[in-house]
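Trainee: Okay, here's the prediction I keep looking at, along with the sequence it came from:
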Amino acid sequence: MSTPALLQLLWLSSPALPVGAFSYSEALEAGVELGEITDEHSAAAWLTEQLHLSLARSDLPIVHAACSAWRSRDLKRVRALNDWVLQTRETAELRLQVEQMGKSLHDWTRQQATGEQALPEHIAAWRALQAAQLTVPSYPVVSAAIAAQTQACVEDVLHAYAFAWAENQVQAAIKSLPLGQSAGQRILARLCAHIPEAVATAQSLDDDHRQAFSPMLALYSAWHETQYSRLFRS
């Protein structure tokens, strides 16, 4: 990968990116409240399962397919993939998350593309997003729009996306449990060891095998919507 492409992926996966990812735990907080997640071991197990059973079979395959669609300028397919994301969120708060983060990243792209120091990749991504006319842009599809303008291969894009997810989820675990930074780094190391397998799974799934069916995660997310006290929006 070229240095500019690497820097673009690092930027896109940075926790400093103003998309509000830090405010979502994706039901992990409900797992803590209900006693399913109590320590470093159970937090690592929860997130590893979520990586393989949810992210690897839903969002990562969408990013994979959307990158190809953006690069081939197949806007009809881009819109179909975006609709699939919105239609398959299993709870109101998970739908809110993908919409809010998508809108925030969409707005960030516009700001970058129209700024005084606009990069060609951001200008191209913004033009592509304008052409697609997504009524409700989803986070995976907008992320793919930006990544598609770089010279990075799709596999590297998926690794960056998965790492960004892992880093945010580990931070959610640290905030929800009495875990220190060292425990968080051990959990992150475990997730990093599993990310290549998750990416390989995502790359192997076509439209007929991609799915967003995680019933227990959906139940925890639904319980979280009425949880009495919470730090996170999901």
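Mentor: Great, that's in hand. Residues are numbered from 1 along each chain as shown.
Trainee: just so I have it, where are all the helices in this protein?
Mentor: 3-12, 28-33, 40-53, 59-71, 75-87, 92-114, 120-132, 139-147, 154-176, 181-204, 215-225 (DSSP state H).
Trainee: Out of those helices, which gets nearest to residue 232?
Mentor: Closest to residue 232 of these, according to C-beta to C-beta: helix 28-33, at 4.9 Å. Every C-beta, even on glycine, is put in place using the N, C-alpha and C of the backbone.
Trainee: can I get the helices of the chain in TSV with mean neighbour count?
Mentor: Shown next, in TSV, are the helices of the chain (neighbours: other C-beta atoms under 10 Å):
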stretch	mean neighbour count
helix 3-12	16
helix 28-33	24
helix 40-53	19
helix 59-71	24
helix 75-87	18
helix 92-114	19
helix 120-132	18
helix 139-147	28
helix 154-176	22
helix 181-204	17
helix 215-225	18
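Trainee: export those to CSV and tack on distance to residue 19 and mean pLDDT?
Mentor: Shown next, in CSV, are the helices of the chain (distance: least, C-beta to C-beta, whole Å; pLDDT from 0 to 100):
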stretch, distance to residue 19, mean pLDDT
helix 3-12, 10, 91
helix 28-33, 18, 96
helix 40-53, 19, 97
helix 59-71, 14, 98
helix 75-87, 15, 98
helix 92-114, 4, 97
helix 120-132, 14, 96
helix 139-147, 7, 98
helix 154-176, 10, 97
helix 181-204, 20, 98
helix 215-225, 19, 95
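Trainee: nearest spatial neighbour of residue 14, skipping sequence neighbours?
Mentor: residue 164 (7.6 Å; C-beta to C-beta, 6 or more residues apart in numbering).
Trainee: Quick one: residues contacting residue 64.
Mentor: Counting by C-beta atoms under 8 Å, 6 or more residues apart in numbering, residue 64 touches 154, 157, 158, 202, 203.
Trainee: still on that earlier bit, now the helices of the chain in TSV, with distance to residue 20?
Mentor: Output for those, formatted as TSV (distance: least, C-beta to C-beta, whole Å):
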stretch	distance to residue 20
helix 3-12	15
helix 28-33	15
helix 40-53	19
helix 59-71	16
helix 75-87	17
helix 92-114	6
helix 120-132	18
helix 139-147	10
helix 154-176	10
helix 181-204	20
helix 215-225	17
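Trainee: Can you say which of the ones you listed is nearest to residue 234?
Mentor: helix 92-114 (4.3 Å).
Trainee: Report the distance from that closest one to the chain centre.
Mentor: The chain centroid and the centroid of helix 92-114 are separated by 12 Å under C-alpha atoms, centre = their mean, to the nearest Å.
Trainee: Next one: the nearest residue to residue 169 once chain neighbours are set aside from residue 37, what distance?
Mentor: Sequence neighbours aside, residue 47 is the residue nearest to residue 169 in space, at 5.3 Å (criterion: C-beta to C-beta, 6+ apart). Remark: distance between residue 47 and residue 37 (C-beta to C-beta, to the nearest Å) = 9 Å.
Trainee: circling back to that earlier point, report the separation between the residue nearest to residue 14 and residue 63.
Mentor: 11 Å.
Trainee: Can you work out which residues contact both of those two?
Mentor: Counting by C-beta under 8 Å, 6+ apart, nothing touches both residue 164 and residue 63.
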